[in-house]
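J.: model this:
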Amino acid sequence: MLVFLRAAPAWSQEGPDTTGRVYEMGEVLVQASRLVSPVLSAYQPLTVIDPRNYAFAGNETVAGMLKFVPGLFVKDYGSSAGLKLLQLRGTSSSQAVVLVDGMPYQSAQNGTVDLSAFTGDEIERLEVLRGGNTAALGSGAIGGAVNIVTRRPRPGAYRARIGGGSFGSWHADASGAFALGSMLAHGGVSREYTRGDFPFPYDAFGRVTTARRENNDYARTTLYAGLYLDDPAQVRLRARGMQRHRGVPGAVVQGAPTSQRASIDEGDLFVTGEAAWNGSDMRQRLALGLRANSLRYDDGRQAPRVYAYFNRQLNLDWKGVYLVGSTLIEANTSGSLADLRGDNLDVSSGDVRRLAGSAWIRVERVFRQASVPLVMIEGTIRGETYSDQPSALSWSAGGSVTPIEDVPWRLRAFVSSNYRVPSFNEQYYRNFGNRELAPERSLNFDLGATLSLKSLQVEAGWFFITTRNRIIAVPRSPVEWSAKNVGRAQSTGFEARVVAAMFGEAVRVSGNYTRLRATDRTTGGLHSGKLLPYSPEELVSALVRFRKGVVELGASFQRVSHQYALSSNIPESLVPSYYTVDCFAALDVMVEGMWLSLRADVVNLTDESYEIVKNFPLPGRRYSFELHVSSK
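T.: Residues are numbered from 1 along each chain as shown. Below is the predicted model:
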């Protein structure tokens, strides 16, 4: 029978996913990627990031590691306390889907995810699908999706870290796993804190001086636990709880924060469970996801105004995969419930609710010679219904060709129709929300090629995304704005990625390049033809790691071109281009049957003064040190 596997050495987990080869096997193996079908990356670019190769020198969070993915930009509001929002291929942060172990993690309140919530100690890998595909992934996947796959250690494994650095920063975490009868139990805890009072330069009426970032402290505590059973069915249950506090300094105006005492306290609980079972020519999976999130904002004034919100989301998902000859059939049905209660909602009951249900089917056909697929084609169609929105239909079609049987390169093409339903804030936030909003609609086109050799992978591609019914803020009075479906946007660009291992894998190198142009295409609009806010036209990143014996060295580079904070692209809204260089050194030794690692990092080695979001400065040069202990 046919089984789809990842045909790549371990080091290639850093690069483009190479799924797409077909083999004759006697059993169905567990799907390696939870984000998409094992072969869907034959049609769309899927990059897999291993935290072991990227979680260093300021890249410990998901946000830090994702800067090594082409076409991806993280909108960073500064330091650990600042929001870190995902933007894929020039689309907004609400036009990309974030999942955890394949289950939706997106907030129904604002449609986004703060990527700083997850750190490398609890992550097995990151899977990034670039390009729209709501037919397979649901509402919001206009620019693509990120799947955070959590760690599942082996029995008896343990690890612990402690470290500290500049501006009063420190972190510690510990985790372990043990056999519990026929099950595997796993648990961990992590804690992070920083004062965040870094110095930064600013222009005070023509005179450059230095101030310190105030009210920028950040504290996070995370607990997580999991149970796993592999026989007779594969069962997984995982719970993650997080509590964090952050100062909200706001934008810097003449060296001073606009909010000197404002703060946010957040609590988050995310529980997932799944059961999967195999047959001779089929695989089925039933999954459940539950998220509860509380948010409390205090403006810190003498007579404080406090706003509190409580968001609950429940998702239930069933999926079946069936093999019929050389045809793969996938069927899926899912349902969800989202509920939001809180202040500043323009509803009489004080809370809003959304029920949704969907079903989709995907058919793939492989035309092959011997065991190597020469041509692969697929089509997906999805229908979704909502309690407060019109029903939505999306589809996709793709093709992949391996022109020469003995040459490991592949050509791909993909087209999809996508949508995004408005968030609760866009519909119900007082003096801004609009209950009459319709879903955003988008078309996505993608062409690319991938070369996969033993120690080299090269990926290049072109994309085009056009969006209508774009939800934007429109003034309705000199002091009030409202959300409206009046915008159109277009994003087109080129992406390239190279991953290589040299000198017996002692040296690993990766490089990424993106050239894109995301513009306003609103008919008759004041800003038609202008760049969309916070959409840089060029992204460059590179990473090199060297290992010899017990010593490991590494460095990374990132360059982001200029961008604009306002739709008008006026010079006053310009955010200049910037670059950063990070480096690290580590010593790894075996002591009494366990690994002991000492590491030193320098972030922003050249002490670059820069901003990603206008008037939200980022730290200059900073240092960190870490001790890491783990089982063999």
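
J.: Any figure for the gap between the residue nearest the centre of the chain and Leu184?
T.: With distances taken as CA atoms, centre = their mean, the residue of the chain nearest its centroid is Val146 (3.9 Å). To Leu184, Val146 is 26 Å away according to CB to CB, to the nearest Å. Just so you know, the C-beta spots here come from the backbone N, C-alpha and C atoms, and that holds for glycine as well.

J.: can you check Trp462 too?
T.: Separation of Trp462 from Leu184 (CB to CB): 44 Å.

J.: what does Ser336 give?
T.: 29 Å.

J.: in a strand, that's where Asp121 is, yeah?
T.: No: Asp121 is assigned helix when assessed by DSSP: H, G, I helix; E, B strand; the rest coil, not a strand.

J.: Excluding sequence neighbours, find me the nearest residue to it.
T.: Using CB to CB, 6 or more residues apart in numbering and skipping the chain neighbours, the partner closest in space to Asp121 is Asp173 (4.5 Å).

J.: Which pLDDT value goes with that neighbour?
T.: If you check Asp173, the pLDDT there is 93.

J.: Just the element for the residue nearest to the centre of the chain, please.
T.: Val146 is part of strand 144-150 when elements are defined by DSSP states H and E.

J.: what does that strand contact?
T.: 33-35, 62, 66, 71, 86, 88-89, 96-102, 105, 118, 122-133, 137, 224, 226, 238, 240 (CB atoms under 8 Å, 6 or more residues apart in numbering).

J.: Show me which of the residues you listed are buried.
T.: Buried members of the contacts of strand 144-150, scored by 16 or more other CB atoms under 10 Å, are 33-35, 62, 66, 71, 86, 88-89, 96-102, 105, 118, 122-123, 125-133, 137, 224, 226, 238, 240.

J.: mind listing which of the residues you listed are in strands?
T.: Mapping these onto strands (DSSP state E) picks out 86, 88, 96-100, 123, 125-130, 224, 226, 238, 240.

J.: circling back to that earlier point, what's near enough to touch the residue nearest to Asp121?
T.: 119, 121, 160-161, 188-191.

J.: Tell me which two of those residues sit farthest apart.
T.: Largest separation among these by CB to CB: Thr119 and Ala160, giving 14.0 Å.

J.: what's the angle from the one helix or strand Tyr513 maps to to strand 123-130?
T.: If you go by DSSP H and E, Tyr513 is part of strand 507-520. Here the directions of strand 507-520 and strand 123-130 differ by 40 degrees (axes from the mean of the first three to the mean of the last three CA atoms, to 10 degrees).

J.: re the thing from before, and the pLDDT at the residue nearest to the centre of the chain?
T.: Each residue has a pLDDT score; the one for Val146 is 93.

J.: Of Thr119 and Ala160, which one has the most company?
T.: Under the criterion of other CB atoms under 10 Å, the comparison of Thr119 against Ala160 puts Thr119 first, with 21 against 16.

J.: wouldn't the more buried one be in contact with Thr61 here?
T.: Yes: between Thr119 and Thr61 a contact is recorded at 5.5 Å, counting by CB atoms under 8 Å.

J.: Pairing partners for the residue nearest to the centre of the chain in the sheet, please.
T.: Val98, Val128 (DSSP bridges).

J.: And it, how close does it get to Val499?
T.: Separation of Val146 from Val499 (CB to CB): 19 Å.

J.: Gly399 too?
T.: From Gly399 to Val499 the distance is 25 Å (CB to CB).

J.: In terms of neighbours, single out the busier of these two.
T.: Shown here are Gly399 and Val499; by other CB under 10 Å, Val499 has more neighbours (25 against 16).
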